[in-house]
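Asker: I would like to see how this sequence folds:
(chains A and B)
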Amino acid sequence: MASVSVAQEHDHAHTHEEATWKGGGSPFKASYGKLMMWYFLLSDAFTFSGFLIAYGALRFSVPTWPVPDFVFSSFPGGIHHKPLLFVTLMTFILLASSFTMVRAVQEGHRENKRGVVVWMLWTIIGGLAFLGCQAWEWTTLMGTEHMTITKNPFGTHTESGVYLMGDGHDIKEGDTFKAGESYLVHKHNGEWAPLKYKVTEGPDAGVVKEQKLGPRAFGALFFFITGFHGFHVLSGVAFLLIICLNAATGLYEKRKNGYEMVEKIGLYWHFVDLVWVFVFLCFYLL
Amino acid sequence: MSQLGYSEAKKIATKTILILAVITIFEVFMALLGKGYIVSGFHLPHALMGALMIVMSVVKAYLIIYEFMHMKYEVPGLVKTVLLPTLLLVWAVIAFLYEGNYWNNSRIKVTNPVKVESLKVENHNGGH
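Answerer: Prediction:
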């Protein structure tokens, strides 16, 4: 490919300016498809930024916000209280699939069909593994912890106090807590069962209160933003499958631009990974 | 399109993924350390943690865009048209977080009528 474009430039060297403005040359030295993929990704970046900025604004607009180390601390196999372990695993799965995608593109550059197909299959497996993890995470949050887009059971104490009743899980009657500590409101027989506690410090000391549900926006933001990202992963897997099949059947061997489709889906796939970096930052790290 | 040879490109990809993995482990380690999960009772200031996490994420973004997406090897015009518009987001982030904080302050005033009364009195006195 490189040699072709050099030859073209040599032929039209004397009319280079004119040729460029007549559509003869490519000032960005990138094909139409790749360039448009870049601009699509730029616009998609603004969409995701809009969501994440809305998350930031709403988070700043309430006095307390669920603590990620408390919310995201379950791991498959009945393991609890392992903060961020599962999402770190998800991050590594996506990073690994980005690496296998790079390898597929490199094999495409040297026209190695087998290499492209094998590395793309690994990428597809990575994408599916990530989606599986997300399905488990959502199931836990919705099924076990009862978070929905309108109800968020993850709260934060604003005062120190002592529990007047236990929840049968981690909290026993008489357990004390400090301001800033997290709690999860459980459900019993389909009804919210907030625990009663007595405030021990501050102006309300001695008053008996009940756990309240956490900021309502949290559930909606979580499911919409991680869902939108997950939908990108899902459509990415679909496109990867199509392009992998095309590569396997030898379609790209016949094409002038070779395995450029692999490069284009590669750009998209890395972008999905890039977005995850910021979703990970906003939801789990900050 | 890469100007690199196959084995050289392969080496760079391996190096990049290792750096990304190390940064991610470091981020999670710092997040847990700063909140007292690793050494009990040890906490790091919230602002420092936030700044560190944002810087680390930007480094990761740079590596993904420049190495994995090959932005390093594109012509400057393409790089500028894609990356410069994202600078608009810097102001969007500042403006909306500021706005969110304003909502929070307004909420405190509304849910705390005593404070609102005292504010009204202050304004009234100030007017005369």
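Asker: for the record, mean pLDDT for the helix ranked longest in chain B?
Answerer: In chain B, taking DSSP state H as the definition, the longest helix is helix B:6-34. Across helix B:6-34, pLDDT averages out at 93.
Asker: and what of stretch A:31-49?
Answerer: On average, stretch A:31-49 scores 95.
Asker: Return the list of helices and strands in contact with the longest helix of chain B.
Answerer: Applying 3 or more C-beta pairs under 8 Å, 6 or more residues apart in numbering or on different chains; DSSP states H and E, we find helix B:6-34 packed against helix A:85-109, helix B:46-63. Any C-beta I mention is one placed from the backbone N, CA and C, and that applies to glycine too.
Asker: relative orientation of it and helix B:46-63 in degrees?
Answerer: For helix B:6-34 against helix B:46-63, the angle by axes from the mean of the first three to the mean of the last three C-alpha atoms, to 10 degrees is 170 degrees.
Asker: Next, the contact list for A:Lys212, please.
Answerer: The contact partners of A:Lys212, by C-beta atoms under 8 Å, 6 or more residues apart in numbering or on different chains, come to A:Gly155, A:Val185, A:Pro194.
Asker: repeat that with 6 Å
Answerer: The neighbours of A:Lys212, taking C-beta atoms under 6 Å, 6 or more residues apart in numbering or on different chains as the test, are A:Gly155.
Asker: re earlier: okay, the angle between the longest helix of chain B and helix A:85-109?
Answerer: 170 degrees.
Asker: Write out the residues of chain B neighbouring chain A.
Answerer: By the rule C-beta under 6 Å from any C-beta of the partner chain, the part of chain B lying against chain A is B:6, B:9, B:13, B:17, B:20, B:24, B:28, B:31, B:35, B:50, B:53, B:57, B:60-61, B:64, B:68-69, B:75, B:77-78, B:82, B:89, B:92-93, B:96-97, B:99-101, B:103-104.
Asker: ok, of those, which come out buried?
Answerer: Those of these that meet the buried threshold are B:9, B:13, B:17, B:20, B:24, B:28, B:31, B:35, B:53, B:57, B:60-61, B:64, B:68-69, B:78, B:82, B:93, B:96-97, B:100, by 16 or more other C-beta atoms under 10 Å in any protein chain shown.
Asker: Count the neighbours of A:Thr100 for me.
Answerer: By other C-beta atoms under 10 Å in any protein chain shown, the residues close to A:Thr100 number 21.
Asker: residue contacts, it?
Answerer: A:Trp119, A:Trp122, A:Thr123.
Asker: Counting neighbours, which of the residues you listed comes out on top?
Answerer: Among the contacts of A:Thr100, the one with the most neighbours (other C-beta under 10 Å) is A:Thr123, at 26 neighbours.
Asker: List the buried residues for the helix or strand hosting that one?
Answerer: According to DSSP states H and E, A:Thr123 maps onto helix A:113-139. Neighbour counts using 16+ other C-beta under 10 Å place A:113, A:115-124, A:126-131, A:133-134, A:137-138 of helix A:113-139 among the buried residues.
Asker: Outside of stretch A:278-286 itself, list whatever touches it.
Answerer: For stretch A:278-286, the external contacting residues (C-beta under 6 Å, 6+ apart) are A:Leu52, A:Tyr55, A:Pro68, A:Leu84, A:Val87, A:Thr91, A:His229, B:Ala31, B:Gly50, B:Met53, B:Ser57.
Asker: Reformat those as CSV; add distance to B:Ile108.
Answerer: Below are those laid out as CSV (distance: C-beta to C-beta, whole Å):
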residue, distance to B:Ile108
A:Leu52, 25
A:Tyr55, 21
A:Pro68, 24
A:Leu84, 31
A:Val87, 32
A:Thr91, 36
A:His229, 33
B:Ala31, 29
B:Gly50, 22
B:Met53, 27
B:Ser57, 31
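Asker: May I ask which helix or strand of chain B has the lowest mean pLDDT?
Answerer: helix B:113-127 (a mean of 51; mean pLDDT, DSSP states H and E).
Asker: near chain B, which residues of chain A show up?
Answerer: A:28-30, A:38, A:42, A:49, A:53, A:56-57, A:60-61, A:69, A:84, A:88, A:91, A:95, A:98-99, A:102, A:106, A:110, A:267, A:270, A:273-274, A:277, A:281, A:285-286.
Asker: Put the buried members of these into a ChimeraX selection.
Answerer: The ChimeraX selection below is limited to those of the residues of chain A next to chain B classed as buried (16+ other C-beta under 10 Å):
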select /A:28,30,38,42,49,53,56,57,60,61,69,84,88,91,95,98,99,102,106,267,270,273,274,277,281,285,286
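Asker: May I have the secondary structure class of the residue of chain B at minimum distance from chain A?
Answerer: Of all residues in chain B, the one sitting closest to chain A is B:Gly100 (3.1 Å; C-beta to the nearest C-beta). Using DSSP: H, G, I helix; E, B strand; the rest coil, the structure places B:Gly100 in helix.
Asker: Looks like it contacts A:Ala57 (just checking).
Answerer: Yes. Look at B:Gly100 against A:Ala57 with C-beta atoms under 6 Å: they come within range, at 3.7 Å.
Asker: And for residue 70, the neighbour number?
Answerer: The chain I'm using is chain A. Residues contacting A:Phe70 under the criterion other C-beta under 10 Å number 17.
Asker: Not quite, go with chain B.
Answerer: B:His70: 20 surrounding residues under other C-beta under 10 Å.
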